[in-house]
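Peer 1: Below is the sequence, then the predicted model.
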Amino acid sequence: MLRTARRGRGNRSTGVALLCAVACLALATATNAEGVAPRVYVDRSGDLRVGNGMTLHLNVDLGNVRVQTLPVGAAPTLHYAVHVETDLAGAAGQKLLNSYSLTTRETVDGVYISGALPTMEAIQSPHRQNNRNAQFYVQFVVTVPVTFNLDVSTGIGDVETLDIGGRVTLVTQGGNITTGRIGMVGTPYARGERTVAKIETQGGHITLKDVEGDLDAYTAGGHILAGAIDGNARLRTGGGHIRVAKIKGTARLETDGGNIAIGEAGSYVTVRTAGGQIDFGEVHGSVHAETGGGGIRVISVAGPMEVASTGGSICLTRVANRVRAETGEGTITAWISPDATRNARVVRLPGPSQLASHTGDIVVYLPRNIAMTIDATVENGGLDRIQADPALPLNVQSQPNGPAHVIAALNGGGSLLRLHTMAGKILLQYIEAQASLRQSLQEEEKQRLLERLSEIPAPGATLTMQPGATLPDAMPSVVQDDWFDSARKRFEVVLLGDVREDPKEFMQRFAVKPQPEYPALARTAGVQGRVVLQVRMRADGTVSVERTLEGQPVLADAATVAVQKWRAKPEEVNGKAVEVVSTVSFDFQLR
């Protein structure tokens, strides 16, 4: 029964949910096509006596909801207007509309409004036409004092509010949620009671202006876009992007696949995405960031930082505290620049740090007056895999046929900076080298964040909800996120002479890619296993094998013969063809 379903947010029956979905989909079609019967509708409205600071409890099983506010200083009152339509024509439709349930109830601290469609029996026979059920369109518009609190729930529909001074809880089972500013500036919230906004949708986008307190927002698959949050933030999405202009307190942001961008953060921030990019502007606290495959770029972090990517590149343009960065196959680039204490001749990081990449390169820039101990290791390759400014006092620790290993004590030594890569290069430079490139990266990232975060729409425009109309997305459509790749490639060409690329992207370049033949000798001897080669795609699209990273020699030789026959479309940076370095893998298995 529909009436029962509306009393609990989480107890709607499957039949009701399907019916509501049909209603919404049907209303997204044209209504004036030839041969379609005209719709019938009913409008209901009323006014209720209220006081400032009360709460609106609005619970409807289907419909879009818009909450407007009275001008500041206006006499407190609440006005509601409900528009209900059905495609069931004539007297039968009018009778069905008259059975729409709308109830209001006033208490000392709030107002309760409930709306419910007719029962399933009423929607079906005897009003059934052409062997189909009647379908509905519902819209609520409620005007309240600006100091009101909101508790709004709709089964399927969009929710929009203008600026509201109280606390809000907004829930929809299948629509977008858009709000203006939430909370009053300077309100003294009690400890543990700073959550002023709880937002939840099971599939739509969430767009908020500013929040004067803590925010808890969840969407099962849409994007989350927020302005300034003057408190803590907990934002979760099942796969969309998350973009926040500013978070004053602590923050926990999670998405199962989208990108995450934060313009400014004032405290501890932890973010996780299953595979998207992560962008930070300025963070005054500490950072923990994790992505399943995208890149990570950070303009500035004052506190300790831990960042990890399974395969993307990491770019840190200012590291002022201890840092731990790890990636599987990408390049790590870091400018170490701790703050100087008063009258101090040298600068120091407050604790040990580590940068590690499995097959990618590590590029580090250091100030000349830093007191630090560097321990750098490249597991595969000779000492030419470690390159440094001639003025850096490197102490070679390598043994014949062993990993390349150097130690350096700068300005008497200090906190340990450990650098480790299995097959990449390590480059150590003083911070004034490529200073213009660093500034360019910072300015481009700032501009990029500004453009993305400026997409927060300003609520307040009239929301016309005519049948057949659809709400615009609360978030922009997915944008190809290629800025960092372009900047990284320019950077690698300047410093390393070539571009390092993710193996999956690298494999997509090839138009000719014959697979290796299984060596007869290896098959007879029962030799099998994995082979990993480091390869270089030249500017003309041909491929050479630089070395074997893993695998039996007889299998590696067969793989090398095949790879040398590959042909690809050359990579271009700034209009000039460049070489690309990556890895390729083969799995030789006896059948």
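Peer 2: Right, received. Where do you want to start? All values derive from a computational prediction rather than experimental measurement. Numbering: from 1, shown residues only.
Peer 1: Domains in the protein, by residue range?
Peer 2: 10-53+74-144, 501-588 (automatic domain parsing).
Peer 1: Quick one: end-to-end distance for the last one.
Peer 2: Translated: domain 501-588. 24 Å (CA to CA, to the nearest Å).
Peer 1: In the helix or strand encompassing G46, which residues are buried?
Peer 2: Using DSSP states H and E, G46 sits within strand 40-49. Within strand 40-49, the residues that count as buried by 16 or more other CB atoms under 10 Å are 40, 42, 48. C-beta coordinates here come from the backbone N, C-alpha and C atoms, glycine included.
Peer 1: Please produce TSV containing these, extended by distance to G541.
Peer 2: Compiled in TSV, the buried residues of strand 40-49 are given as follows (distance: CB to CB, whole Å):
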residue	distance to G541
V40	67
V42	69
L48	74
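Peer 1: quick check, nearest of these to Y518?
Peer 2: V40 (73.8 Å; CB to CB).
Peer 1: Quick check, pLDDT for the closest one.
Peer 2: At V40, the model reports a pLDDT of 85.
Peer 1: Number the chain from 847, please
Peer 2: Got it, the first residue is 847 from now on, which makes the last one we talked about V886.
Peer 1: Tell me which of the domains of the chain lies nearest to I1178.
Peer 2: domain 1347-1434 (14.1 Å).
Peer 1: Would you mind listing where the stretch 1197-1346 of the chain has pLDDT under the threshold?
Peer 2: Applying pLDDT under 70 to the stretch 1197-1346 of the chain flags the ranges 1247, 1279-1344.
Peer 1: let's see 80
Peer 2: Low-confidence segments of the stretch 1197-1346 of the chain, defined by pLDDT under 80: 1227-1228, 1244-1248, 1278-1346.
Peer 1: What segments of it are strands?
Peer 2: Remark: strands assigned in the stretch 1197-1346 of the chain by DSSP state E, counting those that start in this stretch are 1199-1203, 1208-1212, 1218-1224, 1232-1234, 1240-1242, 1250-1256, 1261-1267, 1272-1276, 1345-1346.
Peer 1: Tell me which of those sits nearest to R1164.
Peer 2: Using CB to CB, the nearest of those to R1164 is strand 1208-1212, at 10.1 Å.
Peer 1: list the helices and strands the closest one packs on?
Peer 2: Secondary-structure packing of strand 1208-1212 (3 or more CB pairs under 8 Å, 6 or more residues apart in numbering; DSSP states H and E): strand 1178-1182, strand 1199-1203, strand 1261-1267, strand 1272-1276.
Peer 1: and the longest one, which residues are buried?
Peer 2: Spelled out, that is strand 1261-1267. Going by 16+ other CB under 10 Å, strand 1261-1267 has these buried residues: 1261-1263, 1265-1267.
Peer 1: Pull up the distance across stretch 1150-1158, start to finish.
Peer 2: 21 Å.
Peer 1: quick one, what contacts L1016?
Peer 2: Listed by CB atoms under 8 Å, 6 or more residues apart in numbering, the contact partners of L1016 are 996, 998-999, 1005, 1007, 1023, 1025, 1043-1046.
Peer 1: returning to what we had before: just send the strands of the stretch 1197-1346 of the chain back as TSV, with distance to G1158 too.
Peer 2: Shown next, in TSV, are the strands of the stretch 1197-1346 of the chain (distance: least, CB to CB, whole Å):
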stretch	distance to G1158
strand 1199-1203	11
strand 1208-1212	14
strand 1218-1224	21
strand 1232-1234	23
strand 1240-1242	29
strand 1250-1256	25
strand 1261-1267	15
strand 1272-1276	19
strand 1345-1346	11
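Peer 1: Need the pLDDT of L1162.
Peer 2: pLDDT recorded at L1162 is 90.
Peer 1: likewise M847?
Peer 2: On the pLDDT scale, M847 gets 25.
Peer 1: and what of N995?
Peer 2: pLDDT, N995: 95.
Peer 1: now swap in A1135 and tell me
Peer 2: 95.
Peer 1: burial of Y1364, as a residue count?
Peer 2: Applying other CB atoms under 10 Å, we find 16 residues neighbouring Y1364.
Peer 1: didn't it look like it was pressed against V1407?
Peer 2: No. If you go by CB atoms under 8 Å, Y1364 and V1407 don't touch, sitting 12.0 Å apart.
Peer 1: From R1164, how far out is G1131?
Peer 2: Going from G1131 to R1164 by CB to CB, to the nearest Å gives 14 Å.
Peer 1: Over to A1405?
Peer 2: For A1405, the distance to R1164 - CB to CB - is 42 Å.
Peer 1: Looking at the two, which one has more neighbours?
Peer 2: The residue with more neighbours, out of A1405 and R1164, is A1405; 24 against 17, by other CB under 10 Å.
Peer 1: gap between the more buried one and T1429?
Peer 2: In terms of CB to CB, A1405 sits 12 Å off from T1429.
Peer 1: hey, what's in contact with both of those two?
Peer 2: L1379.
Peer 1: Using PDB, write out the CA atom coordinates for stretch 900-916.
Peer 2: Output in PDB follows, covering the C-alpha atoms of stretch 900-916 (Å, rounded to 0.1, in the frame of the first residue of the first chain):
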ATOM      1  CA  MET A 900      10.800  25.800  13.600                       C
ATOM      2  CA  THR A 901      11.200  22.700  11.400                       C
ATOM      3  CA  LEU A 902       9.500  21.700   8.200                       C
ATOM      4  CA  HIS A 903       9.000  17.900   8.000                       C
ATOM      5  CA  LEU A 904       8.000  17.100   4.400                       C
ATOM      6  CA  ASN A 905       7.500  13.500   3.300                       C
ATOM      7  CA  VAL A 906       6.200  12.600  -0.100                       C
ATOM      8  CA  ASP A 907       6.300   9.300  -2.000                       C
ATOM      9  CA  LEU A 908       6.700  10.900  -5.500                       C
ATOM     10  CA  GLY A 909       7.500  14.400  -6.700                       C
ATOM     11  CA  ASN A 910       9.900  17.200  -7.100                       C
ATOM     12  CA  VAL A 911      10.300  19.500  -4.100                       C
ATOM     13  CA  ARG A 912      11.400  23.100  -4.100                       C
ATOM     14  CA  VAL A 913      11.800  25.100  -0.800                       C
ATOM     15  CA  GLN A 914      11.800  28.900  -1.100                       C
ATOM     16  CA  THR A 915      12.400  31.400   1.700                       C
ATOM     17  CA  LEU A 916      10.700  34.600   2.700                       C
END
